[in-house]
Structure formats: structure tokens, C-alpha cells
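> quick one: sequence and predicted model below, then my questions.
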Amino acid sequence: MSPTERYRAEVVKYRKLLDDSHSPAEALEFRSLEQTYRTLADNEEWLTRNADKIVHPSQDDASEDDRVPSEER
């Protein structure tokens with residue numbers, strides 16, 4: 001099962017729990033979790049669709065430590 005499929009399964013799980021919730025606080029929690037997993041699934045799907053468009057750093061690029069001025073570390 002891909003990460004996107006796992007996240008979508010969590011969305012379904014939390015949607016069911018939201019539908020069966022017994023209090024406003026519980027509903028809010030399940031709605032929040034549903035939205036979190038929906039966002040994760042959407043992001044993972046976007047990464048999969050656009051993998052060929054993502055720019056990766058080259059071996060020649062400086063490390064992050066070299067780019068951050070010492071007074072900011």
C-alpha cells in the first residue's frame with residue numbers, strides 16, 4: 001500500500017469516527033485528524049505526480065552550514 005493510500009484510509013477512518021462522534025470536542029478532534037490526513041495524502045499525491053519536476057541539490061552545492069552566517073547559528 002502506498003503512502004497516499006494509507007493516508008486516504010486514515011481519512012475514511014476518521015470520517016467514520018466523526019460521523020459517530022458523541023461530543024462537539026470529539027467531532028472537532030476527528031475533523032482535524034481527517035483534514036490532516038487529507039492534506040498529507042494530497043501532498044504525497046502531488047509529489048508523486050511531479051517527481052520529475054522537483055529540483056534536487058547537486059553534490060557541488062554548499063552544505064546548509066556553509067550558507068547560514070555564523071551569527072545566525
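Yes, it's here. Every value quoted in this text rests on a predicted model; they were computed, and no experiment measured them. Numbering: from 1, shown residues only.

> which residue is nearest the middle of this structure?
The residue lying closest to the centre of the chain (C-alpha atoms, centre = their mean) is Leu40, at 3.0 Å.

> ok, now which ones touch it?
3, 7 (C-beta atoms under 8 Å, 6 or more residues apart in numbering). For glycine as for every other residue, the C-beta is placed from the backbone atoms N, C-alpha and C.

> what residues of the helix or strand harbouring it count as buried?
Using DSSP states H and E, Leu40 falls within helix 24-49. By neighbour count with 16 or more other C-beta atoms under 10 Å, helix 24-49 contains the buried residues 30, 33-34, 37-38, 40-41, 44.

> ok, now stretch 4-14?
Applying 16+ other C-beta under 10 Å to stretch 4-14 flags 4, 7-8, 10-11, 14 as buried.

> looking at those residues, which are in helices?
4, 7-8, 10-11, 14 (DSSP state H).

> need the helix or strand of the protein with the lowest average pLDDT.
helix 64-67 (a mean of 59; mean pLDDT, DSSP states H and E).

> where does the chain have low pLDDT?
61-73 (pLDDT under 70).

> ok, back up a step: now the buried residues of stretch 4-14 as TSV including distance to His22?
Compiled in TSV, the buried residues of stretch 4-14 are given as follows (distance: C-beta to C-beta, whole Å):
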residue	distance to His22
Thr4	31
Tyr7	25
Arg8	25
Glu10	20
Val11	21
Tyr14	15
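
> which of those sits closest to Ala51?
Taking C-beta to C-beta as the measure, Ala51 lies nearest Thr4 of the buried residues of stretch 4-14, at 12.7 Å.

> with adjacent residues omitted, what lies nearest to that closest one?
Excluding the flanking residues, the one nearest Thr4 by C-beta to C-beta, 6 or more residues apart in numbering is Glu44, at 4.6 Å.

> Thr36 versus the one you found, what's the distance?
Using C-beta to C-beta, to the nearest Å, we find Glu44 at a distance of 13 Å from Thr36.

> cool, and Asp20?
Distance, Asp20 to Thr36, by C-beta to C-beta: 19 Å.
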